[in-house]
Structures are given as structure tokens and as C-alpha cells.
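Enquirer: can't give you the sequence, but here's the structure:
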């Protein structure tokens with residue numbers, strides 16, 4: 001048989017009023033496309049947030065208020081149906097990473113089956129595969145829709161290659177490693193991953209199909225929140241040079257599969273690093289494409305300092321603006337001098353020389369008790385002076401003539417967290433602003449499926465397993481029977497945001513927010 005016609009889609013996005021409109025296609029979709037190309041199959045990549053080449057941003061970026069209070073941004077449901085009817089895919093892949101976008105994944109799958117019942121609809125990702133109480137696992141919820149044929153439970157690149165090959169061969173989809181197969185009238189067939197779907201050498205992971213993304217169109221909208229370095233004519237792209245993390249934080253999306261604890265996924269959370277030479281090859285591809293802004297998506301870019309240092313040295317002279325949007329583990333920004341942890345000034349200088357001008361600092365909490373209980377104790381406030389670290393970055397950046405930003409993320413609302421603990425975070429946040437952080441974002445701790453906190457929250461009575469997880473996000477307090485009442489927690493978050501941040505930052509966030517655009521009719525693209 002000829003090659004199948006395969007679509008790889010992102011989804012529209014549901015946003016809270018204060019969130020910034022952003023693309024919902026990234027490395028996952030681009031990696032799947034690259035894997036298909038390795039097998040001689042040219043996929044069709046669609047980002048419903050920015051639409052097809054025939055759609056304008058004025059059409060797709062107009063937020064529409066949903067029944068749940070969130071704002072839906074992207075191609076209309078009618079437009080999605082029109083495009084899917086035109087495409088008539090044999091196979092449609094819709095990755096599901098973020099729980100809050102689950103209904104948008106369901107939407108596309110249902111529409112794909114409506115316009116072409118024979119379309120093989122597949123998904124995967126940390127959300128789609130997440131475990132939970134019997135009958136309430138996310139993979140079960142996906143299967144209960146009747147619109148999904150296969151869920152990949154681990155690495156997806158080689159799995160999608162196997163699925164495509166079996167379509168070509170007219171073979172059964174049973175027992176593809178690392179998948180759940182939904183068969184009409186039968187129980188799901190779960191197959192554990194085996195070595196055939198993993199990469200022994202991470203340098204063999206294909207470069208993302210960056211060229212399939214509409215980078216000029218994507219440049220018109222913000223990436224990952226309020227981007228203080230935005231220039232809407234600059235092309236940007238995301239890269240990952242490593243996968244996994246050396247820490248085990250309970251709120252992390254993949255904490256339930258760390259250290260081989262998830263039999264369906266294998267050791268997908270283990271730290272896996274590409275060589276500096278392979279990373280440089282990918283960066284050179286982006287440079288040749290005209291990309292000037294690179295977003296490093298690693299969860300722990302500096303976990304292996306020697307490797308990170310080699311990569312940074314190779315980046316010097318490429319002329320990129322570099323941003324680390326997922327944050328870094330701050331312990332890696334320190335070195336021991338006379339038995340004391342101090343900011344590593346050589347590493348800071350090297351980062352700035354390489355082109356970094358924005359790195360998110362994930363402080364997580366100003367309470368050591370909360371850090372130890374929920375965040376692996378990866379930050380020790382007694383031995384690591386984060387205000388000093390920020391001041392050091394700012395001093396060196398100023399001396400080098402680099403405009404550097406280090407936004408800070410702090411989470412509040414851990415199950416055992418009292419108001420006194422939260423006030424520690426607020427006071428610490430004020431110190432960080434005083435040291436030079438441009439702003440602090442307070443997130444409400446959310447027990448998303450896939451995290452160890454999800455299991456804890458259900459077992460300890462903090463979360464009703466019957467509530468569909470896609471009904472909440474980090475803007476809402478969903479845990480109950482916690483030290484602070486959920487509504488009080490939301491009020492505290494709003495107060496802390498106003499108390500800590502400057503009026504200028506709050507105004508900038510408001511102007512870039514989905515809620516402002518929805519209420520004011522402001523232009524949806526700069």
C-alpha cells in the first residue's frame with residue numbers, strides 16, 4: 001500500500017483571564033513529524049491556535065468565553081471540521097501533554113471520526129497516559145470517548161513509525177510496545193514498552209521538523225507567558241538537549257514514572273542527554289533557517305555541568321537570543337568555595353556570553369519545610385542565597401552590557417501549607433524583587449494526573465477523583481481539606497501578586513492577557 005496520509009495536530013487552547021495567548025504546537029508534534037520523515041512519510045502539521053496558511057491571526061486569536069469560565073483561543077470548531085473534512089487523514093496524531101487542554105484534544109478526535117470514521121486516531125503524552133484510581137485514569141477517560149484507537153504510553157517517535165508501517169502492511173496494531181490499543185467491544189490491550197522504542201544513544205533522536213511550523217506566524221504571539229524580550233519579527237524555535245531530571249518533585253507531571261515506578265512508561269523520566277556536538281548541529285540548522293531566538297525547554301539543562309559548559313561555548317558567536325523557559329535547578333548555579341555554596345560567576349558569565357538574556361528561576365517556595373516535603377529539597381534556603389545569586393547575575397550582566405531578566409516562579413497551596421508558610425514565600429519574593437528579579441509569578445499547586453501529588457491528593461482526601469481533571473488548572477485551587485480554604489487561597493494568590501510585583505509589570509501582563517483581549521476587543525496580534 002502507499003504511504004498513509006498522516007496529520008499531526010496541536011489543539012486550540014483554553015486560558016484563564018490572566019494568561020497570555022500562545023501556540024499549542026511544540027517539540028512533541030515536531031518530533032513526531034521528524035520521526036515520520038525518517039520513514040519517508042511527509043506528515044501534515046497543523047497548529048489550531050494560529051490556524052492553517054488560509055487562516056488569519058485575527059480569525060484564530062479572538063478568545064471565546066466557555067461555560068467553564070475559561071477562554072478558548074484558536075480555530076473555531078466549525079473551521080476545524082472543515083479542515084479535517086478536506087484533509088481526510090488515514091492517521092491523525094493528537095499529543096496530549098497538558099491536562100487543561102484535554103477537552104480540546106477530545107474535540108479534534110471526535111470531529112476526525114465524524115468526518116472520516118476510518119481515520120486511525122492516536123494520542124500519547126504525559127496527560128493521555130496518566131494513571132489514577134481504577135476507572136479514573138486519564139488513559140481510561142480517553143478510551144471511554146470511543147474516539148481514540150491507540151495511546152502511546154512512553155516514547156512516541158518509534159511508536160508512530162511502527163503504527164505507520166503496520167498501516168502500510170495492512171497488519172494488526174496489537175502488541176506494539178508501549179501502547180494501549182482500544183478494540184471495539186473488548187477490554188483495552190496494554191503492551192509494556194521494550195527496548196525497541198527507546199533510544200540507546202540520545203544523539204539518534206531526530207531533529208524536530210522545525211520547518212513544518214509556521215515560524216513567522218508564530219512569532220506574532222508570545223511564547224511561554226510574558227516574554228520581556230519579545231520582538232515580533234524575530235523567528236523563535238524550541239529545542240531540548242536533554243530529557244528527564246535528577247530530582248523527584250511530587251508536583252511534577254512525570255513524578256509517578258520516575259525511577260522505573262511506572263510499568264506502562266518505562267524509565268521515561270530518567271535523565272538522558274545529547275552530546276554537545278549533536279546539540280550544535282541542531283542549533284546550526286535553526287541559524288540557517290533564520291531563527292534568532294531559541295527557547296531551551298530542558299527540565300534540567302545544567303544537570304551535567306561539564307556538558308552544559310561545552311554547549312554554551314559552542315553557542316558563543318551564533319548570535320542567538322537564548323531563553324530558558326522551564327527554569328533551572330538553582331543548585332547548579334552554585335559552586336563550593338571554602339566549603340560554602342556561592343554563585344558560580346564563571347558559569348554565569350559563560351551563559352551571558354552564549355546569549356542567554358532570560359532564565360526563569362524556579363524558587364518554588366520561601367518555606368524550607370515545603371521545599372523538603374514536596375520539592376525534593378532541591379533548594380536549600382539556608383545554604384543557597386538566591387537574592388545574592390540574582391544580584392550576581394545582574395551585576396555581571398550590567399558589566400557585560402547585557403539586558404538580563406530572571407523571572408521567579410513560586411508555588412503556594414501545598415496540602416500542608418499554612419498561611420504562615422505562604423507569608424514566608426511572600427517575604428522571600430519581596431527580597432528577590434529587591435535583588436533584581438523583574439517579577440514573581442505565584443502559581444497555585446495543582447495535583448495534575450501523572451504527578452505523585454495527584455495520587456497523594458486522592459488518597460488523603462484532598463481531591464475528588466470524580467471531578468474531571470480538565471476542569472481545573474493552575475489558576476484555580478482544586479484541593480480541599482487543606483491548611484487553607486481553596487477560595488481563601490485564590491484570594492491570597494491574587495493579593496500576593498499585587499503585593500510583590502510592580503505596577504508596570506502588572507499592567508504589561510494585563511495588556512498581554514487573553515482576558516484583556518476578550519473584554520476590550522483589542523487587536524489579537526501585534
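Expert: Everything's here; your move. The structure presented is a predicted model; accordingly, all values stated were derived computationally and were not measured. Numbers count the residues shown, from 1 in each chain.
Enquirer: do you know the pLDDT at the closest residue to residue 391 other than its chain neighbours?
Expert: With sequence-adjacent residues excluded and distances taken as Cβ to Cβ, 6 or more residues apart in numbering, residue 391 is closest to residue 435, at 4.9 Å. For every residue, glycine as well, the C-beta is placed using N, CA and C. Residue 435 is assigned 98 on the pLDDT scale.
Enquirer: count the neighbours of residue 435 for me.
Expert: As a burial measure, residue 435 scores 19 neighbours (other Cβ atoms under 10 Å).
Enquirer: isn't it up against residue 392?
Expert: No. With contact defined as Cβ atoms under 8 Å, residue 435 does not count as touching residue 392 (9.3 Å).
Enquirer: for residue 82, give its distance to residue 75.
Expert: 9 Å (Cβ to Cβ, to the nearest Å).
Enquirer: in the stretch 251-400 of the chain, which spans are strands?
Expert: 272-273, 291-296, 321-324, 334-337, 340-343, 356-359, 361-364 (DSSP state E, counting those that start in this stretch).
Enquirer: returning to what we had before: so between residue 82 and residue 75, which is more surrounded?
Expert: residue 75 (23 against 16).
Enquirer: excluding sequence neighbours, find me the nearest residue to that one.
Expert: residue 48 (4.4 Å).
Enquirer: again, but for residue 104
Expert: Nearest to residue 104 is residue 11, by Cβ to Cβ, 6+ apart, at 3.7 Å.
Enquirer: in a strand, the one you found, correct?
Expert: No. Using DSSP: H, G, I helix; E, B strand; the rest coil, the secondary structure at residue 11 is coil, not a strand.
Enquirer: what does stretch 138-145 rub up against?
Expert: 96, 99, 102, 106, 109-110, 123, 127-132, 148, 151, 153, 180, 182, 188, 449-450, 468-469 (Cβ atoms under 8 Å, 6 or more residues apart in numbering).
Enquirer: so how far is it from its chain's centroid?
Expert: 22 Å (Cα atoms, centre = their mean, to the nearest Å).
Enquirer: circling back to that earlier point, among the contacts of stretch 138-145, which are in strands?
Expert: Among these, the ones falling in strands (DSSP state E) are 123, 151, 180.
Enquirer: need the contact list for the second one.
Expert: Residues touching residue 151, when contacts are defined by Cβ under 8 Å, 6+ apart, comprise 122-124, 128-129, 139, 142-143, 179-180, 182.
Enquirer: can you redo those as a markdown table with distance to residue 194 and neighbour count?
Expert: Below are the contacts of residue 151 laid out as a markdown table (distance: Cβ to Cβ, whole Å; neighbours: other Cβ atoms under 10 Å):
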| residue | distance to residue 194 | neighbour count |
| --- | --- | --- |
| 122 | 19 | 27 |
| 123 | 21 | 26 |
| 124 | 16 | 28 |
| 128 | 20 | 26 |
| 129 | 16 | 28 |
| 139 | 19 | 25 |
| 142 | 23 | 27 |
| 143 | 22 | 18 |
| 179 | 11 | 29 |
| 180 | 15 | 25 |
| 182 | 21 | 21 |
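Enquirer: looking at those residues, which one is closest to residue 202?
Expert: Of all the contacts of residue 151, residue 202 sits closest to residue 124, with 19.0 Å by Cβ to Cβ.
Enquirer: tell me if I'm right that residue 132 and residue 450 touch.
Expert: No. If you go by Cβ under 8 Å, residue 132 and residue 450 don't touch, sitting 9.1 Å apart.
Enquirer: filter the contacts of stretch 138-145 to the buried ones?
Expert: 96, 99, 102, 106, 109-110, 123, 127-132, 148, 151, 153, 180, 182, 449-450, 469 (16 or more other Cβ atoms under 10 Å).
Enquirer: and the closest residue to residue 444 other than its chain neighbours, how many neighbours?
Expert: The shortest distance from residue 444 to any non-neighbouring residue, by Cβ to Cβ, 6+ apart, is to residue 413 (4.6 Å). Residue 413 has 25 neighbouring residues, counting by other Cβ under 10 Å.
Enquirer: tell me which of the strands of the stretch 251-400 of the chain sits nearest to residue 200.
Expert: It is, among those and with distance given as Cβ to Cβ, strand 272-273, at 10.2 Å.
Enquirer: what sits against residue 102?
Expert: Applying Cβ under 8 Å, 6+ apart, the residues near residue 102 are 96, 127, 138, 141, 468-470.
Enquirer: coming back round to it: tell me the SS of the residue nearest to residue 75?
Expert: Going by three-state DSSP: residue 48 is coil.
Enquirer: phi, psi of it?
Expert: Torsion angles at residue 48 (phi, psi; degrees, to the nearest 10) stand at phi -60, psi -20.
Enquirer: roughly how far apart are it and residue 126?
Expert: 20 Å.
Enquirer: ok, residue 250 next?
Expert: Taking Cβ to Cβ, one finds residue 250 at 15 Å from residue 126.
Enquirer: what does residue 249 give?
Expert: Taken as Cβ to Cβ, the span from residue 249 to residue 126 is 14 Å.
Enquirer: one more: residue 427?
Expert: Taken as Cβ to Cβ, the span from residue 427 to residue 126 is 34 Å.
Enquirer: tell me which of those two has more neighbours.
Expert: residue 126 (25 against 12).
Enquirer: for that one, give me its contacts.
Expert: 97, 253-254, 450.
Enquirer: what mean pLDDT does stretch 508-520 get?
Expert: The model assigns stretch 508-520 a mean pLDDT of 61.
Enquirer: neighbours of residue 253, just the number please.
Expert: For residue 253, the neighbour count with other Cβ under 10 Å is 21.
Enquirer: okay but it is in contact with residue 446, surely?
Expert: No. Using Cβ under 8 Å, residue 253 is not in contact with residue 446; the gap is 10.4 Å.
Enquirer: brilliant, that's me finished.
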